[in-house]
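[1] this is the structure alone, sequence omitted:
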Ligand SMILES: Cc1cc2nc3c(=O)[nH]c(=O)nc-3n(C[C@H](O)[C@H](O)[C@H](O)COP(=O)(O)OP(=O)(O)OC[C@H]3O[C@@H](n4cnc5c(N)ncnc54)[C@H](O)[C@@H]3O)c2cc1C
């Protein structure tokens, strides 16, 4: 404690002893002293543990990520792997896209059976990242298993044959016969190298690890009020935190931050059902306009819808009816709906990630736009952003957040 601080306390205490009450000014000083332990510690210039509002002790960090969805979590890991101290903050409101995402990774997508965007570099990066994290945490959350796509019609089957030995070579395998509980007279094909990230498990295991290292905090950060920009660093006095940089990883949050608020989203709401399907033993993900994914025992998840209005997390009767109708076109056995959820995919521009430092405030950066492929995109692009933040590399021009701010 500095000597002037001791002086103030002595004056306050002697006044209190004499009169039995605290004069207003002295009361104010004491209250300030009690309320801002974190300010005292930071101003001392000594890295120290901080206790804020009964939370676990916090220390100074290299970076803070605001948001613990797939983006913030994966970036935190990529930075930690470079030896940096990263504080992850999330408000835990349970409305993020990652809370309900199916986590599917598929090499071939869309009606035209196109090879997934930059598959040859994104897929190996994702596999290496999730596998190594499974080893590090001793937890399984990344399941590699071929998925089965049923031909919707003859045109799709013909398209398959046109592409199978060309662009999709090595990624697909023809399956003329499919199990009897599926109505698919034309058969289908397996997508090799498909995978499913158990997103809730991945986030939970990561959160446990961050907590263990005093690197996780539950808080709703008001970027406009809570963050102070200081030369070469940021401070969040309310939370007792100071860092070299802060990365905004908040998913679909249009117009709600002071630096990136004018980035335009083309976000798409999606709904997903959890089903009980007694007797269905399939362990592959099935695709046929929608997908049906095993979720343990006789539980399956099924989705998802795409709508571009009413961008909220409220499940709708229309969404449910659409999923059920599509499922009935290929599933021969009865099912029961036991849960129904909705969230908004953070799509920006054409659905590619957006990342990098703010042009005017170098301490502030952005990682967003993972769209409908967060599980596949996050490891590669979190690594790219980590390179920008640490090694001063430039992001790919097409994905650079500065391009989107200029619009
Ligand atoms: C129905 C549906 C199905 C999907 N299926 C798949 C799929 O099969 N495969 C796939 O790869 N992707 C899928 N996705 C897409 C995937 O969910 C997203 O790409 C990904 O979750 C985006 O992650 P994010 O971290 O950018 O955003 P979010 O998951 O939205 O995370 C943002 C986080 O920031 C926190 N936050 C926001 N503001 C604040 C604040 N002020 N203070 C503190 N914390 C804050 C939120 O609480 C949240 O946890 C699906 C999405 C939906 C909606």
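    Arrived safely, thanks for sending. These numbers come from a predicted model, not from an experiment. Numbers count the residues shown, from 1 in each chain.

[2] okay, CA-based contacts and neighbour counts for the rest of this
    Noted.

[3] got a list of contacts for stretch 180-195?
    Stretch 180-195 is contacted by residues 104-108, 142-154, 157, 170-178, 280, 329-333 when judged by CA atoms under 8 Å, 6 or more residues apart in numbering.

[4] how far out from the middle of the chain is that stretch?
    Distance of stretch 180-195 from the chain centroid (CA atoms, centre = their mean, to the nearest Å) equals 30 Å.

[5] now stretch 159-172
    Put simply, stretch 159-172 sits 32 Å off its chain's centre (CA atoms, centre = their mean).

[6] kindly check the end-to-end length of it for me.
    Using CA to CA, to the nearest Å, the end-to-end distance of stretch 159-172 comes out at 13 Å.

[7] okay, now the domains of the chain?
    Annotated domains of the chain cover 1-29, 49-103+198-265+352-407 [automatic domain parsing].

[8] report the buried residues of stretch 258-266.
    Across stretch 258-266, burial judged by 16 or more other CA atoms under 10 Å covers 259-260, 263, 265-266.

[9] what ranges does the chain have for its helices?
    Assigned by DSSP state H, the helices in the chain fall at 3-19, 24-35, 37-43, 70-80, 97-100, 119-137, 154-164, 199-212, 223-226, 317-328, 374-391, 401-405.

[10] count the residues that sit near the closest residue to residue 220 other than its chain neighbours.
    Leaving aside its sequence neighbours, residue 220 sits nearest to residue 91 (CA to CA, 6 or more residues apart in numbering; 4.5 Å). Neighbour count for residue 91, taken as other CA atoms under 10 Å: 14.

[11] how far away is residue 91 from residue 132?
    With distances taken as CA to CA, residue 91 is found 28 Å from residue 132.

[12] ditto for residue 174
    Separation of residue 174 from residue 132 (CA to CA) stands at 31 Å.

[13] more neighbours, these two?
    Legend: neighbour count by other CA under 10 Å for residue 174 and residue 132, higher for residue 174 (16 against 12).

[14] of the contacts of stretch 180-195, just the buried ones, PyMOL syntax please.
    Selecting only the buried entries of these in PyMOL, with 16+ other CA under 10 Å as the criterion:
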select buried, resi 104+105+106+107+108+142+143+144+145+146+147+148+149+150+151+152+157+171+172+173+174+178+280+330+331
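
[15] from what I see, residue 62 and residue 83 are in contact.
    No - counting by CA atoms under 8 Å, residue 62 does not reach residue 83; the two are 9.7 Å apart.

[16] show me which of these two is the more surrounded one.
    Ranked by neighbour count (other CA under 10 Å), residue 62 and residue 83 place residue 62 first, with 18 against 10.

[17] and the pLDDT for that one?
    Looking at residue 62, its pLDDT reads 97.

[18] what about the nearest residue to residue 299 once chain neighbours are set aside, how many neighbours?
    Leaving aside its sequence neighbours, residue 299 sits nearest to residue 276 (CA to CA, 6+ apart; 4.7 Å). Here the number of neighbours of residue 276 (other CA under 10 Å) works out to 19.

[19] what are the bridge partners for residue 276, then?
    When bridges are called by DSSP bridges, residue 276 pairs up with residue 299, residue 336.

[20] what sits against the residue lying closest to residue 114 once chain neighbours are set aside?
    Leaving out its chain neighbours, the residue that sits closest to residue 114 by CA to CA, 6+ apart is residue 108, at 5.4 Å. Residue 108 makes contacts with 114-116, 168, 171, 191, as judged by CA under 8 Å, 6+ apart.

[21] low-confidence stretches in the protein?
    Regions of the chain meeting the criterion pLDDT under 70 cover residues 1-59, 406-407.

[22] try 80 this time
    Low-confidence segments of the chain (pLDDT under 80): 1-59, 255-256, 350, 406-407.

[23] now for residue 362, how many residues are close by?
    Other residues within reach of residue 362 by the criterion other CA under 10 Å amount to 17.

[24] scratch that, residue 158
    12.

[25] same question for residue 374.
    26.

[26] again with residue 163
    Neighbours of residue 163 under the rule other CA under 10 Å: 16.

[27] residues of stretch 110-119 that come out buried?
    By 16+ other CA under 10 Å, the buried positions in stretch 110-119 come out as 113, 115-116.

[28] list just the nearest of the residues you listed to the ligand.
    residue 116 (11.7 Å; CA to the nearest ligand atom).

[29] isn't residue 270 right next to residue 342, touching?
    Yes - if you go by CA under 8 Å, residue 270 and residue 342 touch, sitting 5.6 Å apart.

[30] now do the closest residue to residue 148 other than its chain neighbours against residue 316, distance only.
    Setting aside the residues directly before and after it, residue 148 is nearest to residue 190 in space (CA to CA, 6+ apart), at 4.4 Å. According to CA to CA, residue 190 and residue 316 sit 32 Å apart.
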